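Trainee: could you work out the structure for the sequence below:
(one chain, ligands or ions: 1)
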Amino acid sequence: MPGVIDDQVHFREPGLTQKEDLAHASRACAKGGVTSFLEMPNTIPNATTQKLVDDKLAIASKASLVNYGFYIGATPNNVDDLKHAVRTPGIKIFIGSSTGDLLVDSQDALETIFSQTSLPICAHCEDEATVKRNAERYAGSTDIATHSKIRDHEAAAIATARAIDLAERHQHRFHVLHVSTAAEVDLIRAAKAKHNYVTAEACPHHLFFSIEDYERLGSLVKMNPSIKTKADNEGIFAGLLDGTIEVIATDHAPHTIQEKNLPYPQCPSGLPAVENYLALMLDQVNQGRCSIEQVVAWMCEAPTRVWDISNKGKIEVGYDADLVLVDMDLERTIRNEDQQTKCGWSPWAGETLKGWPVKTWVMGKEVFRLDNGTEQFANTFGSAIEYQHETA
Ligand code: DOR
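Mentor: Next up, the predicted model:
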């Protein structure tokens with residue numbers, strides 16, 4: 001297969017390297033068949049200027065085993081930085097707050113960003129006012145399931161509708177990150193019937209976990225947007241199958257197990273996924289729920305179109321040799337002690353999946369190989385991803 005391009009990860013460097021760092025996370029990528037990643041700006045400091053994006057590129061050039069790119073984060077008053085940003089796939093807006101302090105909630109600020117910038121925009125869509133109102137209503141609850149009542153269906157749908165409206169009126173490309181409800185799939189389907197400005201993404205936790213899993217997994221599946229119902233899992237999968245959602249990404253968001261073990265509501269939101277998500281989808285192929293061609297379209301090709309990535313996503317003459325060899329018959333059980341991610345745990349620990357990456361190449365260099373059960377990694381570095389919007 002072409003190497004997977006994960007267009008939504010939180011690799012925590014700089015500033016939060018007790019949770020994750022580029023060396024560990026990029027080994028997790030190589031093991032998982034992910035040859036390129038696009039990383040979110042909620043590091044410390046937040047990547048909200050060109051200088052801070054360039055600082056991350058410089059760190060990655062000496063730490064990342066796979067190819068890398070970094071979003072620039074929006075704030076209520078950095079539109080000049082956003083207008084002139086280069087060497088980035090696009091702009092990330094937290095329309096609802098999540099881990100960190102990035103938030104652009106005011107309508108005026110959002111109108112300014114959508115009207116004055118030209119890079120593709122993506123957003124975390126959960127309505128801040130709805131979340132705050134629900135949080136007051138459920139204040140004092142120590143039940144983890146409350147998380148999905150606070151960050152509820154309405155919060156997701158309101159914010160996604162608001163962002164689609166901005167994209168339509170300003171004729172601006174917009175990517176809905178981590179769709180968590182069937183209602184959002186309907187909103188996106190309706191928008192796509194009218195125009196081409198909107199694209200969308202699903203994550204494994206919103207495909208495979210539901211509120212019923214809180215009892216078994218507790219805070220390990222506390223995420224923003226929250227996990228929802230089994231009907232939402234089905235609606236999101238249907239959205240992938242009918243082309244409403246074109247990308248699968250992880251939103252890999254590690255926290256230490258000590259942090260995750262704090263009681264609700266102190267336990268942070270986020271889970272790691274980068275090293276297991278191709279296997280999760282290959283297992284779906286083996287179960288007959290989708291084809292390998294669809295997995296390649298969702299995880300390799302589509303991200304190149306959404307983010308104007310040059311020379312990746314296909315096996316073709318002239319394209320970069322970012323490749324992954326998969327063994328569709330191999331069964332492996334996910335174990336916390338085998339995880340390359342620095343946080344050292346997986347919400348899928350104990351699950352046996354059929355279909356695994358066994359060899360990964362980045363720009364023609366072998367970076368990972370599974371040899372009789374032993375994982376071997378190269379000691380090389382990937383390259384900065386290039387974007388067609390740089391040369392347009
Ligand atoms: O649950 C989440 N955690 N959702 C996000 O959007 C951010 C992420 C994080 O950075 O921890």
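Trainee: is residue 226 in contact with residue 151, as I believe?
Mentor: Yes. Contact criterion C-beta atoms under 8 Å: residue 226 and residue 151 qualify, at 4.1 Å. Heads up, the C-betas are built off the backbone N, CA and C, glycines and all.
Trainee: whatever residue of the stretch 101-250 of the chain ends up closest to the ligand: what's it in contact with?
Mentor: Nearest to the ligand, among the residues of the stretch 101-250 of the chain, is residue 224, at 3.8 Å (C-beta to the nearest ligand atom). By C-beta atoms under 8 Å, 6 or more residues apart in numbering, the contact list for residue 224 reads 96, 98-99, 124, 126, 151, 269-270.
Trainee: in strands, which of those residues appear?
Mentor: residue 124 (DSSP state E).
Trainee: tabulate the contacts of residue 224 (JSON lines), appending pLDDT, neighbour count and distance to the ligand.
Mentor: Output for the contacts of residue 224, formatted as JSON lines (pLDDT from 0 to 100; neighbours: other C-beta atoms under 10 Å; distance: C-beta to the nearest ligand atom, whole Å):
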{"residue": "96", "pLDDT": "84", "neighbour count": "25", "distance to the ligand": "9"}
{"residue": "98", "pLDDT": "82", "neighbour count": "23", "distance to the ligand": "4"}
{"residue": "99", "pLDDT": "86", "neighbour count": "19", "distance to the ligand": "3"}
{"residue": "124", "pLDDT": "97", "neighbour count": "25", "distance to the ligand": "5"}
{"residue": "126", "pLDDT": "96", "neighbour count": "27", "distance to the ligand": "9"}
{"residue": "151", "pLDDT": "98", "neighbour count": "27", "distance to the ligand": "9"}
{"residue": "269", "pLDDT": "98", "neighbour count": "19", "distance to the ligand": "3"}
{"residue": "270", "pLDDT": "98", "neighbour count": "24", "distance to the ligand": "3"}
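Trainee: could the contacts of residue 224 go into JSON lines alongside distance to residue 49?
Mentor: Listed next are the contacts of residue 224 as JSON lines, based on distance: C-beta to C-beta, whole Å:
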{"residue": "96", "distance to residue 49": "23"}
{"residue": "98", "distance to residue 49": "21"}
{"residue": "99", "distance to residue 49": "20"}
{"residue": "124", "distance to residue 49": "20"}
{"residue": "126", "distance to residue 49": "25"}
{"residue": "151", "distance to residue 49": "29"}
{"residue": "269", "distance to residue 49": "26"}
{"residue": "270", "distance to residue 49": "24"}
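Trainee: can you give me the buried ones in the helix of greatest length in the chain?
Mentor: In the chain, with assignment by DSSP state H, the single longest helix is helix 153-170. Buried residues in helix 153-170, counting neighbours by 16 or more other C-beta atoms under 10 Å, are found at 153-164, 166-168, 170.
Trainee: what's that helix packed up against?
Mentor: helix 107-116, strand 121-124, helix 128-137, strand 174-176, helix 182-194 (3 or more C-beta pairs under 8 Å, 6 or more residues apart in numbering; DSSP states H and E).
Trainee: hmm, try it at 6 Å
Mentor: Contact here means 3 or more C-beta pairs under 6 Å, 6 or more residues apart in numbering; DSSP states H and E; on that basis helix 153-170 packs against helix 107-116, helix 128-137, helix 182-194.
Trainee: that one near the ligand at all?
Mentor: No. Legend: contact between helix 153-170 and the ligand by C-beta under 6 Å from any ligand atom is lacking; minimum distance shown is 12.0 Å.
Trainee: low pLDDT regions in the stretch 251-392 of the chain?
Mentor: For the stretch 251-392 of the chain, applying pLDDT under 70 flags the ranges 391-392.
Trainee: residues in contact with the longest helix of the chain?
Mentor: By C-beta atoms under 6 Å, 6 or more residues apart in numbering, the list of residues contacting helix 153-170 from outside reads 95-96, 110, 114-115, 123, 125-127, 130-131, 174, 176, 180-181, 183-184, 187, 191, 197-198, 225.
Trainee: got the angle for that helix vs helix 128-137?
Mentor: Relative orientation of helix 153-170 versus helix 128-137 (axes from the mean of the first three to the mean of the last three C-alpha atoms, to 10 degrees): 170 degrees.
Trainee: next, the angle from helix 153-170 to helix 182-194.
Mentor: Put simply, helix 153-170 runs at 20 degrees to helix 182-194, going by the same axes, to 10 degrees.
Trainee: and for residue 87, the neighbour number?
Mentor: Close neighbours of residue 87, defined as other C-beta atoms under 10 Å, add up to 17.
Trainee: whoops, residue 18 was the one
Mentor: Neighbour count for residue 18, taken as other C-beta under 10 Å: 14.
Trainee: which helix or strand contains it?
Mentor: Using DSSP states H and E, residue 18 is not contained in any helix or strand.
Trainee: which stretches of the stretch 251-392 of the chain form strands?
Mentor: 323-333, 352-362, 365-371, 374-377 (DSSP state E, counting those that start in this stretch).
Trainee: of all the ones you listed, which lies closest to the ligand?
Mentor: The ligand lies closest, by C-beta to the nearest ligand atom, to one member of the strands of the stretch 251-392 of the chain: strand 352-362, at 22.9 Å.
Trainee: comparing the strands of the stretch 251-392 of the chain, which comes out most buried?
Mentor: Highest mean neighbour count of the strands of the stretch 251-392 of the chain: strand 352-362, a mean of 21 (counted as mean count of other C-beta atoms under 10 Å).
Trainee: report the angle between it and strand 365-371.
Mentor: Here strand 352-362 points in a direction 150 degrees away from that of strand 365-371 (the same axes, to 10 degrees).
Trainee: get me the contact residues on the stretch 101-250 of the chain for the ligand.
Mentor: By C-beta under 6 Å from any ligand atom, the residues of the stretch 101-250 of the chain that approach the ligand are 124, 223-224.
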